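>>> pasted the sequence and its predicted model underneath.
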Amino acid sequence: MNATVITIILLIISNIFMTFAWYGHLKLQTTGISKSWPLFVVILVSWGIAFLEYCVMIPANRIGFKDNGGPFSLFQLKILQEVITLTVFTIIAMICFQGQKFQWNHAASYVCLVLAVVFAFLPSK
């Protein structure tokens with residue numbers, strides 16, 4: 001596999017962990033699992049999940065970064081990561097938080113972000 005594919009796969013995996021670290025506690029609370037947990041326990045659990053995210057995100061950035069032999073500039077990596085973040089978040093939100101509605105303005109916002117990726121990857125010279 002080449003660095004582009006490896007970077008994208010690792011970014012997807014890291015964003016799955018990130019989404020659960022940031023929003024998974026809300027699902028646990030609505031199901032009653034963590035309703036009685038003190039906030040510091042919820043934070044520690046989220047940090048534990050975020051640690052796993054960093055264990056995948058850091059290699060993704062190192063492999064993907066041009067100065068390390070990868071295909072992406074620093075700005076391209078960040079913009080790509082943001083679009084992957086929103087894509088992963090949307091899929092997880094639609095599956096786990098079924099009461100949340102994906103509306104036209106959300107779709108329009110995503111189109112703008114995809115356009116940001118397009119612009120970021122255009123030749124700058």
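Happy to help now that I have it.
>>> from the contact counts, what lies against the lengthiest helix in the chain?
In the chain, with assignment by DSSP state H, the single longest helix is helix 3-30. In terms of contacts (3 or more Cβ pairs under 8 Å, 6 or more residues apart in numbering; DSSP states H and E), helix 3-30 is packed against helix 39-64, helix 74-96. Yep, even glycine has a C-beta here, placed from its N, CA and C like the rest.
>>> JSON lines for the ones you listed, including distance to F121?
Output for the helices and strands packed on helix 3-30, formatted as JSON lines (distance: least, Cβ to Cβ, whole Å):
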{"stretch": "helix 39-64", "distance to F121": "13"}
{"stretch": "helix 74-96", "distance to F121": "6"}
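>>> among the ones you listed, which is nearest M18?
Ranking those by proximity to M18 (Cβ to Cβ) places helix 39-64 first, at 4.5 Å.
>>> angle of the closest one against helix 3-30?
170 degrees (axes from the mean of the first three to the mean of the last three Cα atoms, to 10 degrees).
>>> which of the residues in helix 39-64 are buried?
Residues of helix 39-64 classed as buried by neighbour count (16 or more other Cβ atoms under 10 Å): 42, 45-46, 49-50, 52-53, 56-57, 60-61, 63-64.
>>> alright, I will stop here.
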